[in-house]
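**Q** quick one: sequence plus predicted model below, questions after.
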Amino acid sequence: MSTLAAVVGIGQTKYTTKREDVSIAGLVREAAARALQDADLGWDDIDAVIVGKAPDMFEGVVMPEIYLTDALGCNGKPMLRVHTAGSVGGSTALVAASHVQSGAFKRVLTVAFEKQSESNAMWALSNPQPFSTHLNAGAGGYFAPIIREYIRRSGAPYDTGIKVAVKDRLHGARNPLAHLQLPNINMQEVEESFMLWDPIRYLESCPSSDGACAMVIASEELADKAARPPAWIRGVAMRSEPTMYAGREEVNPQAGRDCAADVYKQAGITDPRKDLDVAEVYVPFSWYEPMWLENLGFAPEGEGWKLTMEGATSLIDGGDIPWNPSGGVLSSNPIGASGMIRFAEAARQVRGECGEHQVEGAKLALGHAYGGGAQFFAMWVVGAEKG
Amino acid sequence: MGQSNMKEIAIVAYQQSDCVSDAGAANEVELIIPVLGKVFEQVGITNAQDVDFVCSGSCDYLQGAAFAFVMGVDALGAVPPIKESHVEMDAAWALYESMLKIRMGHAESALIYGFGKSSPGELPNVLSQQLDPYYLAPLWVDTISLAAMQARLMLDQGLITERDMAEVVARSRRNAQGNPHAQLGGDVSAEDVLAQQTYVSPLRKADICPVSDGASAVVIATVEKAREWGVPYAVISGIDHCIETHNLGVRDLTDSISTRRAAANAGVGDGRVDVAELYAPFSHQEIILSRALELGEDTRVNPSGGVLAGNLMMASGLSRIGEVFNRIVAGEAQRGVAHATSGPCLQHNLVTVLEKGETA
């Protein structure tokens, strides 16, 4: 059976457009060293290193973990490199956790990163292929029609996305590590920003960031003796579905619903809105908040937008279930790390260390990531208690 | 990871496509599907719904596109959605990840597959871009040139002779005659190899693995599940992997410390090794690996021909495990070792020990 594991150290870089002062190795080492420092551990205390990032073309380095071995103190140790599209940061945390939950390792370091300024993500996602139609649209062009379908079905007011864009940036202004610092953003400013992929406006989109996130995950025995409060891993789940199949539900993907049901069951959650105190959910385009509120069971189908419009997901409005108090992907998006940041921020909430963006008394939190064309999902639930 | 106090996990099926130099118009999904069909048939199951976890290994840069693995999921029958993950590594490491999933109690069985279509690009140059991106990659030092330097070091230190290397090639070609999926088999002698011109000195073309397109797949399960399926199996009695510094100037390229360490942790020396399948893309590397694994005269090395007879990038390491499984279930071996590698000059190495199961 699964052995109990916990997050005992977290380290992040400041997220920003270009980290010209460090190499890729320097970037990942910065996050990893901070995670070790947070855990009050040294490089020698780590048994294995699990690395994640999105497509290698985002930096133009084939399997960069091979070169990052030295920077991550991994010489003489096992290293694994995970790649599951945009969900990779989450999947990497889950694979790292499995090293401990399997009983095979006592303490592992996991790092996810993206240094988007080294290359061009839009190019990397759009280079022509001999076997498929050339879609020079990037991620926004892919998701816009799905969002339009959500709006058609749910009858959500047109400014739901605008509200999310403002809310997450106001959250981000409370998180000193967030890339976008927009404390004075308002609905009008978002509405007047130019339309990129109708209905997604510029300010309803995630930025392109450099950054890395790292965590130390330890066994129960070691976590009990940890320097700072551990975040106990109460549930872990992944799901994938094909990109194309007859009847695929792209607005409310079954893989997401199944993944949530699995992780809730493990954590003993029956009503996510009530049972969870906070959620860090992968929302790269504003409208994905109401869509995922439904997909993850926080609201009945067609009613996710109501929670957003009521302020239920806003920390600042005193909402009952704050989503993305860190500012979320809309405030910082080093793609390969974005999922791990969600998982790490969920852990930070239950450790009570979030400062200005802390949800008071948070005991149970969801970390969520999705990737590809929303066919890959990774989630975990972390708690202040072992459960 | 050893098996002590843990649920025993076994290989229950293995299939590999032919290694072909150019798969033509076939795309990655078309390379994967026939192999998956055969591996499901071998276990007596229908598709990925019948296993608890799926994990694959591939490399975006072989396809020249982001998310090479994404379409692979379309080959699985992943409706309803499945528990699935992917490593940007050889699929031998996908097997490692799958074992963790079984050990933590979240699965009893797993499908692992690896695939690569290397033919459209210039593989040695493509792989040069996995070197340090600031100091080495801009020089486009290709994998063959790096391996040639390694071989030169060994020759200069008197650790091997060119004849030793040629013997490795000749044995590979002869063994490959018995492997229907091999790309290069033949009744070749060491003299024949030595008569060839050098290509990147001291390497001759025959010292270098060919570029191959294809896929392979393995199914693993708890021993209980294997018995329930009623299929022959080989128990994974140990598995471990280890990476070394990327700085080639710091490493002793004539040895493989990481292989030695992984072998010790996997328990290679705890019993007789009847057969070994080593992922040695260059002839001299087979000698380095045989020495690091401390294999003796009584071990049959690369009876499949190894990767010198056909190298499916991202699947060859998994295939090595599958080839040892084949020998064990065929009754030709009681215990065997499989090795996988990644990175320039054997930087990262994985060692698996397989043993005959009680009822296999």
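**A** Noted; the coordinates are in hand.

**Q** is stretch B:347-359 positioned near chain A?
**A** Yes. Using C-beta under 8 Å from any C-beta of the partner chain, stretch B:347-359 reaches chain A at B:347-348. All C-beta spots, glycine's among them, are computed from the backbone N, C-alpha and C.

**Q** per-residue confidence averaged over that stretch?
**A** In this model, stretch B:347-359 has a mean pLDDT of 91.

**Q** pull that stretch out as PDB, backbone CA atoms only.
**A** Provided in PDB are the C-alpha atoms of stretch B:347-359 (Å, rounded to 0.1, in the frame of the first residue of the first chain):
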ATOM      1  CA  GLN B 347      26.100   9.400 -19.000                       C
ATOM      2  CA  HIS B 348      23.000   7.800 -17.600                       C
ATOM      3  CA  ASN B 349      22.500   4.100 -17.000                       C
ATOM      4  CA  LEU B 350      19.700   1.800 -15.900                       C
ATOM      5  CA  VAL B 351      20.300  -1.800 -14.900                       C
ATOM      6  CA  THR B 352      17.500  -4.400 -14.500                       C
ATOM      7  CA  VAL B 353      17.900  -7.900 -13.200                       C
ATOM      8  CA  LEU B 354      15.300 -10.500 -14.300                       C
ATOM      9  CA  GLU B 355      14.800 -14.000 -12.900                       C
ATOM     10  CA  LYS B 356      12.800 -16.900 -13.900                       C
ATOM     11  CA  GLY B 357       9.500 -17.000 -11.900                       C
ATOM     12  CA  GLU B 358       8.400 -20.000  -9.900                       C
ATOM     13  CA  THR B 359       5.900 -21.200 -12.400                       C
END
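
**Q** quick check: buried residues in that stretch?
**A** B:347-357 (16 or more other C-beta atoms under 10 Å in any protein chain shown).

**Q** also stretch A:378-385?
**A** The neighbour-count check on stretch A:378-385 (16+ other C-beta under 10 Å) flags A:378-384 as buried.

**Q** next one: stretch B:104-120
**A** Neighbour counts over stretch B:104-120 (16+ other C-beta under 10 Å) mark B:104, B:106-119 as buried.

**Q** need the contact list for B:Met16.
**A** Rather than Met, residue B:16 is Gln. Residues near B:Gln16 by C-beta atoms under 8 Å, 6 or more residues apart in numbering or on different chains: B:35, B:181, B:214-217, B:312, B:315, B:319, B:322.

**Q** among the residues you listed, which are in helices?
**A** Here DSSP state H is the test, and these give B:35, B:319, B:322 as lying in helices.

**Q** which one of these sits in the busiest neighbourhood?
**A** B:Ser319 (35 neighbours; other C-beta atoms under 10 Å in any protein chain shown).

**Q** need the pLDDT of A:Ser326.
**A** So A:Ser326 comes in at 98 (pLDDT).

**Q** swap in the one 3 residues further on?
**A** Note on A:Val329: pLDDT of 98.

**Q** need the strands for chain B, in chain order.
**A** B:9-16, B:53-57, B:84-87, B:109-117, B:198-200, B:203-204, B:213-222, B:234-243, B:275-277, B:300-301, B:335-342, B:348-356 (DSSP state E).

**Q** quick one on the thing from earlier: which one among the buried residues of stretch A:378-385 gets closest to chain B?
**A** In terms of C-beta to the nearest C-beta, no member of the buried residues of stretch A:378-385 lies closer to chain B than A:Ala378, at 8.6 Å.

**Q** once you drop chain neighbours, what's closest to the closest one?
**A** Distances taken as C-beta to C-beta, 6 or more residues apart in numbering or on different chains put A:Gly90 closest to A:Ala378, at 3.2 Å, once the chain neighbours are dropped.

**Q** mind listing what the one you found touches?
**A** A:282, A:339-340, A:342-343, A:367-369, A:378-380.

**Q** dump those into JSON lines; add secondary structure, pLDDT and distance to A:Phe58 as well.
**A** Formatted as JSON lines, the contacts of A:Gly90 follow (DSSP: H, G, I helix; E, B strand; the rest coil; pLDDT from 0 to 100; distance: C-beta to C-beta, whole Å):
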{"residue": "A:Tyr282", "secondary structure": "coil", "pLDDT": "98", "distance to A:Phe58": "17"}
{"residue": "A:Gly339", "secondary structure": "helix", "pLDDT": "98", "distance to A:Phe58": "14"}
{"residue": "A:Met340", "secondary structure": "helix", "pLDDT": "98", "distance to A:Phe58": "15"}
{"residue": "A:Arg342", "secondary structure": "helix", "pLDDT": "98", "distance to A:Phe58": "18"}
{"residue": "A:Phe343", "secondary structure": "helix", "pLDDT": "98", "distance to A:Phe58": "20"}
{"residue": "A:Gly367", "secondary structure": "strand", "pLDDT": "98", "distance to A:Phe58": "22"}
{"residue": "A:His368", "secondary structure": "strand", "pLDDT": "98", "distance to A:Phe58": "21"}
{"residue": "A:Ala369", "secondary structure": "strand", "pLDDT": "98", "distance to A:Phe58": "16"}
{"residue": "A:Ala378", "secondary structure": "strand", "pLDDT": "98", "distance to A:Phe58": "19"}
{"residue": "A:Met379", "secondary structure": "strand", "pLDDT": "98", "distance to A:Phe58": "23"}
{"residue": "A:Trp380", "secondary structure": "strand", "pLDDT": "98", "distance to A:Phe58": "24"}
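
**Q** quick one: buried residues of stretch B:134-154?
**A** Neighbour-count burial for stretch B:134-154 [16+ other C-beta under 10 Å]: B:136-137, B:141-154.

**Q** farthest pair within those residues?
**A** In the buried residues of stretch B:134-154, two members sit farther apart than any others by C-beta to C-beta. They are B:Ala137 and B:Met154, at 25.3 Å.

**Q** nearest to B:Asp90 among the ones in helices among the contacts of B:Gln16?
**A** Taking C-beta to C-beta as the measure, B:Asp90 lies nearest B:Ser319 of the ones in helices among the contacts of B:Gln16, at 9.4 Å.

**Q** verify the contact between the closest one and B:Met313 for me.
**A** No. Using C-beta atoms under 8 Å, B:Ser319 is not in contact with B:Met313, being 11.1 Å away.
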